[in-house]
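Peer 1: Fold the following for me, if possible:
(2 chains)
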Amino acid sequence: EDQVTQSPEALRLQEGESSSLNCSYTVSGLRGLFWYRQDPGKGPEFLFTLYSAGEEKEKERLKATLTKKESFLHITAPKPEDSATYLCAAPSGQAGTALIFGKGTTLSVSS
Amino acid sequence: DGGITQSPKYLFRKEGQNVTLSCEQNLNHDAMYWYRQDPGQGLRLIYYSQIVNDFQKGDIAEGYSVSREKKESFPLTVTSAQKNPTAFYLCASSPLIGAYSYEQYFGPGTRLTVT
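Peer 2: Presented below is the predicted three-dimensional model:
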């Protein structure tokens, strides 16, 4: 069964304290790995797409990487405005191009 | 300004009533999706459509119905048969090019409360 698992569920950081979020997946024939940011009460906002192992993408303080079994979202010197829930998703093998989402990691950055 | 709109933002209904959630996109995307989000849960797929007049059930389609009469529109009806309809509903769309999935863009969501 296709599955996407994120860890940790919640992460508290001090401003400037770098860390990583993990997304492991068991999806046959990976056709993309997606990262989203979701603020409370809003729709997810697209961040990155990764297609092959070894690929990296960066945006401001965020960097996403991909291996054959997992993806990491590295947050360097986070600021309070980076506080949000980060979602990881991969296309389902059984549902066309629909995505399977992990439950997310809720990041809280305090100043 | 391109994007996805969902209306209304908040919706309140009495148990036993059907309710329709609107989703419109002007991104010229072929594929559209409906997800449901509950506290502590990931997004779960209700229905998706890759072409006009065609749609497929997702993991939790029971108690829901959809239509896709126009490329831009994908309304979701929550019927009285849905046992736990109170949730945050998200609509998304994406391009459809070959076998690869492309990023989905989400609307702002509709929070449905049924009492």
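Peer 1: Return the residues of chain B in contact with chain A.
Peer 2: Listed as neighbours of chain A in chain B under the rule Cβ under 8 Å from any Cβ of the partner chain: B:4, B:6, B:31, B:33, B:35, B:40-45, B:48, B:50, B:56, B:58-59, B:88, B:90, B:92, B:94, B:96, B:99-109, B:111. For every residue, glycine as well, the C-beta is placed using N, CA and C.
Peer 1: Now list the buried members of the residues you listed.
Peer 2: B:4, B:6, B:31, B:33, B:35, B:42-45, B:48, B:50, B:58, B:88, B:90, B:92, B:94, B:96, B:101-107, B:109 (16 or more other Cβ atoms under 10 Å in any protein chain shown).
Peer 1: Cross the residues you listed against strands and list the overlap.
Peer 2: Using DSSP state E, the members of those that fall within strands are B:4, B:6, B:31, B:33, B:35, B:44-45, B:48, B:50, B:88, B:90, B:92, B:94, B:105-106.
Peer 1: burial of residue A:59, as a residue count?
Peer 2: With neighbours defined by other Cβ atoms under 10 Å in any protein chain shown, the count for residue A:59 comes to 11.
Peer 1: Excluding chain neighbours, what is closest to it?
Peer 2: residue A:47 (6.4 Å; Cβ to Cβ, 6 or more residues apart in numbering or on different chains).
Peer 1: Could you measure from the one you found over to residue B:59?
Peer 2: For residue A:47, the distance to residue B:59 equals 24 Å [Cβ to Cβ, to the nearest Å].
Peer 1: and what of residue A:38?
Peer 2: Distance of residue A:38 to residue B:59, given as Cβ to Cβ: 20 Å.
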